[in-house]
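Undergrad: Just the structure for this:
(4 chains)
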There are 2 protein chains.
Amino acid sequence: MPKQIILVEDEPILCENYAKAIKEQGYDVITCSNKQEALTTVNKQLPDLAILDIGLGDDAEAGFDLCREIRSLSNSLPIIFLTARDSDFDTISGLRLGADDYLSKDTSMPHILARIAALFRRVQALQTTIDSEQIKYEQLLVDSQRFQVKWNDEEVDLSLTEFWMVHSLAKRVGHVKNREQLMGDSNIYVDDGTITSHIKRIRKKFKEIDSSFDHIETVYGIGYRWKT
Amino acid sequence: MPKQIILVEDEPILCENYAKAIKEQGYDVITCSNKQEALTTVNKQLPDLAILDIGLGDDAEAGFDLCREIRSLSNSLPIIFLTARDSDFDTISGLRLGADDYLSKDTSMPHILARIAALFRRVQALQTTIDSEQIKYEQLLVDSQRFQVKWNDEEVDLSLTEFWMVHSLAKRVGHVKNREQLMGDSNIYVDDGTITSHIKRIRKKFKEIDSSFDHIETVYGIGYRWKT
DNA sequence: ATCAAATGTGGCAGAATTATGGCAATACAT
DNA sequence: ATGTATTGCCATAATTCTGCCACATTTGAT
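TA: A predicted model of the protein is given here:
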């Protein structure tokens, strides 16, 4: 299954050239010349990569809008910007748009192709590393691949529910999680007392290892947080 | 209250140079040379801006990881990447990571300082429009994800109602809030004396940290405001 | 200066929230 | 079948929060 790339570029000749070169690398290329067309295509074809020209038609910054709109449809679709002028770089860098890379139109074709390949590799790598994520914070280590939690290098023997709660707290240390958030996105309802019980058991297990443990802080009226 | 900037750069001489130049502009600079140290600092100091070298030690892309991890802690902290080699510009995949700007180490110091100032301006504009997670004003910090208020970097332990009242005052420093506005959108009626009591307790808690505290001003007949 | 209205202060009781220990139901392995 | 671990929940205790009251003090206007 070849990777599908959507190329949004309004100048026909340039578009043709790019498309041809990319196709030769074994990718499928879909070309679009305007925003609306591009959005529809992203929605229907679910491409693997998007290459956006920044200026489309008379709108010199249409690509930026498009990027935002694509991001609102998909967080995972990698996006590369094509910049006509070097000065565009200043503008790009200022915005936290959620693009993955940018290329100047001056860049040589082989170089461009290399960057496309590199981006695919990086995305691949990201997706594999993201689940094997280890969260480390001071004395705490949460390994969501081994479903293992360590405190001062000693293993804390948690149940699955307990593990996810610690994971949720550790993921954003210092931020307060309410009871729903702690139970993850599973839509099963459990009453407040149950969460309280889980917290109780988690604290107990940490304290069995380290009697002075008190890093799970309750925030009255809201929830809990991992103390920083 | 000077803006705090965290600078993560592993090469001591370079680090020193940058720090010195930035300090001369009136910013506070905290320097770190590794990921772990940087993360801890971000969490504890809640700086206003982060400048990250991409390569740290033997890991040529450590800065990217760091950026991701910082983003998972705070969405609002502006991040600038420092790239050593021009070729880094080619490999920058940082846009997607949520960085706000890039600088080459070749860039002249005045230019770098200008970009820092520019970023602060942009963030300022953003923060006043968007309901941002962190409100900073002089010695005050209100973080609505952590449900935490700090005064001179010391935590003020407020109850939820108190927190929202401070939040309401801090959101529009200098503007007078009447009693209803201070109690937020909850339509429950509480009598005036109750609000007075809350203000009393808030002032007391701030004074426990800083006995000279008097930034909550009473506007006779109208309400309260955070003194500018 | 005097008065009424508004605000500050300390304290208290009820309300709301959370902590703790235990129990029953279930699942799982031996 | 027996033992173990897990989970949800309950009753009770402990803690924290909140609204309000009585009384003192300040403010603004006459």
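Undergrad: which SS state does the closest residue to DNA strand C within chain A fall under?
TA: Going by C-beta to the nearest atom of the strand, DNA strand C is nearest to A:Thr218 of chain A, at 3.6 Å. Backbone N, C-alpha and C define where each C-beta goes, glycine included. Here A:Thr218 is recorded as strand under DSSP: H, G, I helix; E, B strand; the rest coil.
Undergrad: burial of it, as a residue count?
TA: Here the number of neighbours of A:Thr218 (other C-beta atoms under 10 Å in any protein chain shown) works out to 13.
Undergrad: All the helices of chain A, residue numbers only.
TA: A:12-24, A:35-45, A:62-73, A:88-94, A:109-131, A:160-171, A:179-182, A:192-209 (DSSP state H).
Undergrad: what's the least confident stretch among those helices?
TA: When the helices of chain A are compared by mean pLDDT, helix A:88-94 comes last with a mean of 53.
Undergrad: Pull up the residues of chain A that are close to DNA strand C.
TA: Within reach of DNA strand C by C-beta under 7 Å from any atom of the strand, chain A has these residues: A:192-193, A:196-197, A:199-200, A:203, A:218-223.
Undergrad: The residues you listed: which ones sit near chain B?
TA: A:Val219, A:Tyr220, A:Gly221, A:Ile222 (C-beta under 8 Å from any C-beta of the partner chain).
Undergrad: Mind checking which of those are buried?
TA: A:Val219 (16 or more other C-beta atoms under 10 Å in any protein chain shown).
Undergrad: would you list the helices of chain A in TSV and tack on distance to A:Asp153 and mean neighbour count?
TA: Formatted as TSV, the helices of chain A follow (distance: least, C-beta to C-beta, whole Å; neighbours: other C-beta atoms under 10 Å in any protein chain shown):
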stretch	distance to A:Asp153	mean neighbour count
helix A:12-24	49	14
helix A:35-45	47	15
helix A:62-73	40	18
helix A:88-94	41	17
helix A:109-131	23	14
helix A:160-171	16	19
helix A:179-182	26	17
helix A:192-209	10	15
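Undergrad: Could you dump those into a markdown table and include distance to DNA strand D?
TA: A markdown table is the format used below for these (distance: least, C-beta to the nearest atom of the strand, whole Å):
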| stretch | distance to DNA strand D |
| --- | --- |
| helix A:12-24 | 49 |
| helix A:35-45 | 37 |
| helix A:62-73 | 34 |
| helix A:88-94 | 41 |
| helix A:109-131 | 20 |
| helix A:160-171 | 4 |
| helix A:179-182 | 11 |
| helix A:192-209 | 3 |
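Undergrad: Nearest to B:Glu154, out of the ones you listed?
TA: helix A:160-171 (23.4 Å; C-beta to C-beta).
Undergrad: quick one: the closest one to chain centroid distance?
TA: 20 Å (C-alpha atoms, centre = their mean, to the nearest Å).
Undergrad: Ok, stretch A:20-39 next?
TA: Between the centre of stretch A:20-39 and the centre of its chain there are 24 Å (C-alpha atoms, centre = their mean).
Undergrad: Also stretch A:152-166?
TA: For stretch A:152-166, the distance to the chain centre is 25 Å (C-alpha atoms, centre = their mean).
Undergrad: Nearest to chain B among the ones next to chain B among the residues of chain A next to DNA strand C?
TA: Lowest distance from chain B to these (C-beta to the nearest C-beta) belongs to A:Gly221, with 4.2 Å.
Undergrad: Find the nearest non-adjacent residue to that closest one, please.
TA: B:Leu160 (4.2 Å; C-beta to C-beta, 6 or more residues apart in numbering or on different chains).
Undergrad: residue contacts, the one you found?
TA: A:Tyr220, A:Gly221, A:Ile222, B:Phe147 (C-beta atoms under 8 Å, 6 or more residues apart in numbering or on different chains).
Undergrad: and what of A:Asp157?
TA: Here A:Asp157 is in contact with A:Lys205 (C-beta under 8 Å, 6+ apart).
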